[in-house]
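*Asks:* Sequence first, predicted coordinates after that:
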Amino acid sequence: MNHKFFVGVCFVILHSFFGSIQGYGQNATVRGYVYDIETGEPVIYSTVYLDKSTLGTNSDFNGFYNLTNVPPGTYTLVATYIGYDTARVEITLKPGQILNKSMYLKESGVQLGAIDISAQRQSSRVEVQVSQISVTAKQIKALPSVGGDSDIAQYLQVLPGVISTGDQGGQIFIRGGAPVQNKILLDGLNIYNPFHSLGFYSVFETEVIRKADVLSGGFNAEHGGRISAIVDIKTREGDKKNLSGFASVSPFMGKILLEGPLSKFEEGKGSTSFILTGKKSLIDRTSQTLYKYAVDSTANNLPFAFQDLYGKVSLVNSNGSKVNIFGFNFSDDYDNPSVARIGWDNSGVGANFSLVPEGSDILISGTAGVSNYKIGIIESDGNPRESATREFGANFDFTIFGDNNEVKYGFDLRSIKTDFNFTNPFGLTLNEVQNTTELAVFVKYRQVFGNLVIEPSIRGIYYASQSEVSPEPRLGIKYNITNRLRFKGAAGIYTQNILSTDTERDVVNLFFGFLTGPESRVLDFDGTELTSRLQRSRHLVGGFEYDLGDNLQFNLEGYLKDFPQLIVVNRNKLLPTDPNYAKETGKAYGIDLSAKYEQRGLYLWATYSYGFVNRFDGKQEYFTVFDRRHNANLLATLDLDEDGSWQVSARWNFGSGFPFTQTRGFFNDINFGGGVFTDYVTENPDNLGIVYSDVRNGGRLPYYHRLDVSMTKKFEFSKKSGLELVFSITNAYDRENIFYFDRLDYRRVNQLPILPSLGAKFYF
């Protein structure tokens, strides 16, 4: 299949769907947004219905609702949500009319303080949601605040199927996928390295997150370009009514946020607002005094320094259409004399929009922007090791809502440039500059047949540098056995053309460079040349959800990820004639369980994962360094008083040991600088070489477990201002968890020890 044929197919698909946009006979449609009238913020999961009828729905995470197939006539449109007064408005619908009607809710005089989960339950009955968890800022802040600051990096580690390699240089591995196989999106733009070298923190500011969707497998054709998982983070608009913000400080970092209206929000009118946020690490300075006991003997401080800046301007129309313009700059510096100095920078600018056209039954959204990522490492040999990635992306999506069905289709364009310059320990260099383009189209269809929900979808991607088209069919399904018991499953095919340059044999793995798929030849295990150089996976997921009561939910999923082709960089090649790339295969499979309990003032969550992750390099099958057989998390958050001004949180994590390759012995590593005339009998070796075991990753490190606790006290000065104090203890019982073992010095280096902290946050 050539690219001309692919473009033709794309045109036919899009044309057929554009041609299908039409009304539903003589019936009408009512749609719009539900807002908090005091703040202009969308009211998520509110209930919207037509009084004295059976027609009703719930608003989504943007506050958008859609009622289709409504017979013409006069109705009372009702919007309700717990803690708010009910809003009612009379509407008259004509045959075939599409009415845009926003609803405005006002906080009730009596605050019930309960958690309303009925709308989420209803959503779970009519949507597939296999291997999908939606996270809000409120849920992130329910975690113990490490160092006084909650962060999505800490929350992701609690999710079932997610493995973190530790406190320092901690990366996220989702159901057997390496970090490069996970796509992390911020407002639609790729973030190539979202986690700081201090593994407690990401580049994302918790207070600006509206929603983060974590898709750990079996995701539909709306997402592509990665073969393991998706983390899609969307930020909120700034305060539309008042100038507000906060400033906070702790031994770990200082943060500031400022937001407000440029034109104020009013009922029936649009608004313009802004939000600016920044944070800067302080741990590299405070550790010299507060955490001196945690500092490595070769350093003067904990070697972590980072800085994050994010800004956004939002223009919202009276009918809910909106445009957001945003920019960011994230940087990190790890400077440890005993290891290396590694620094990276990630910057970008973009815009996204959502349009609700008058008189049309279609919803249009899209994103366009550019992101830049650069990383460099300085080691004792002084050789250059650098990687730079520049990506321009644009996508447009179109959604049509029907009666118990939904069609979404669109296209995605990515232009990627990578520049990689690396000298390996044997003095051989790999220097490649690559440019590629990816063009994808997708169609997703969801239909509810009584208790059955099906969601077939297909994605087609054209990889220009590979001159290859990849058709990727996917299917999701859910069956509601009862109102409380639901079975679900998903399957799909996935590809990607981006690969990571890191190697698992690094003592400390903080250098994350990237390359697009190789344009040079790659050999198969039998020595023949690969006809396709894409990385591939196949997902199969099945499980069930069960509501044990109004407040307790249980979820179980089994999964299999088959990786029939992975392309890796041969960073340790010995001869110039050795290939730059190699093929591997692999599998990841296991079971994830979770139980969640919510009621007023109490939040409990327990997760457990049992999994296997292996690879085959053509010679032997081995477990990856992130293969953790058992991983469990217990999370508890409790309000100690009625108004929630006192709150305590605790999280305990337990994990079995990671694999490692054992040491068989050592040898004098002579570099033969004098060539054949080198006197190897009397020559003093520059380094001590290591003889590794023939069995790759045949050993296991000790078990890992850690307890984090925090207590929060809020002082309210007025309705809009106050002070929040957070006392936290990370690694509360001072568990000595291994970070790595220095083979040459025969020295164990542990993760971070007990770290108490007191933070303060003033908000207005």
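*Replies:* Nice, I can see it.

*Asks:* make it CA atoms for all contacts and neighbour counts henceforth
*Replies:* OK.

*Asks:* All the strands of the stretch 601-750 of the chain, in order from the start?
*Replies:* 602-616, 621-623, 630-639, 646-655, 659-660, 663-669, 687-692, 699-700, 704-716, 722-730, 738-742, 747-750 (DSSP state E, counting those that start in this stretch).

*Asks:* same question, the stretch 451-600 of the chain
*Replies:* So, for the stretch 451-600 of the chain - with DSSP E, counting those that start in this stretch - the strands run 452-463, 468-480, 485-496, 498-500, 514-516, 535-547, 552-569, 581-599.

*Asks:* Figure out which of those is closest to Leu143.
*Replies:* For Leu143, the closest of those is strand 581-599, at 13.8 Å, according to Cα to Cα.

*Asks:* Just the pLDDT for Ile115.
*Replies:* Note on Ile115: pLDDT of 41.

*Asks:* And Ala299, by the same measure?
*Replies:* Listed pLDDT for Ala299 reads 71.

*Asks:* how much space is there between it and Asp592?
*Replies:* 40 Å (Cα to Cα, to the nearest Å).

*Asks:* Pick out whichever of these two has more residues nearby.
*Replies:* Taking other Cα atoms under 10 Å, Ala299 and Asp592 do not tie; Asp592 has more neighbours (24 against 13).

*Asks:* Identify the residues contacting that one.
*Replies:* Asp592 is in contact with Pro160, Gly161, Leu556, Glu557, Gly558, Thr607, Tyr608, Ser609, Tyr610, counting by Cα atoms under 8 Å, 6 or more residues apart in numbering.

*Asks:* which two of these lie the greatest distance from each other?
*Replies:* Greatest spatial distance among the contacts of Asp592 (Cα to Cα): Gly558 and Thr607, at 13.8 Å.

*Asks:* When those two are compared, which one has more neighbours?
*Replies:* Set Gly558 next to Thr607 and count neighbours by other Cα under 10 Å: Thr607 wins out with 22 against 19.

*Asks:* which phi and psi does Phe328 have?
*Replies:* Note on Phe328: its backbone torsions stand at phi -150, psi 160 [degrees, to the nearest 10].

*Asks:* Okay, the nearest residue to it once chain neighbours are set aside and Phe274: tell me how far apart.
*Replies:* Of all residues not flanking Phe328 in the chain, Tyr310 sits nearest, at 4.4 Å (Cα to Cα, 6 or more residues apart in numbering). Using Cα to Cα, Tyr310 is found at 11 Å from Phe274.

*Asks:* try Val231
*Replies:* For Val231, the distance to Phe274 equals 24 Å [Cα to Cα].

*Asks:* In this structure, which residue is most central in space?
*Replies:* Val231 (2.5 Å; Cα atoms, centre = their mean).

*Asks:* so which strand or helix has it?
*Replies:* Secondary structure assignment for Val231, by DSSP states H and E: strand 229-235.

*Asks:* what's next to that strand, contact-wise?
*Replies:* Residues contacting strand 229-235 (Cα under 8 Å, 6+ apart): 174, 177, 181-188, 208-217, 219, 223.

*Asks:* Run through this protein and note the low-pLDDT ranges.
*Replies:* Within the chain, the stretches with pLDDT under 70 are 1-25, 109-122, 169-170, 297-298, 380-382, 384, 425-427, 503-509, 571-574, 669-687.

*Asks:* which stretches of it form helices?
*Replies:* With DSSP state H as the criterion, the chain has helices at 3-19, 118-126, 137-140, 152-156, 283-286.

*Asks:* The strand holding Val231: how far from the chain's middle?
*Replies:* Chain-centre distance of strand 229-235: 5 Å, with Cα atoms, centre = their mean, to the nearest Å.

*Asks:* Just tell me which of the strands of the stretch 451-600 of the chain ends up closest to Arg385.
*Replies:* The closest of the strands of the stretch 451-600 of the chain to Arg385 is strand 514-516. By Cα to Cα, the value is 12.0 Å.

*Asks:* Direction included, what does that closest one pair up with?
*Replies:* strand 498-500 (antiparallel) (DSSP bridges).
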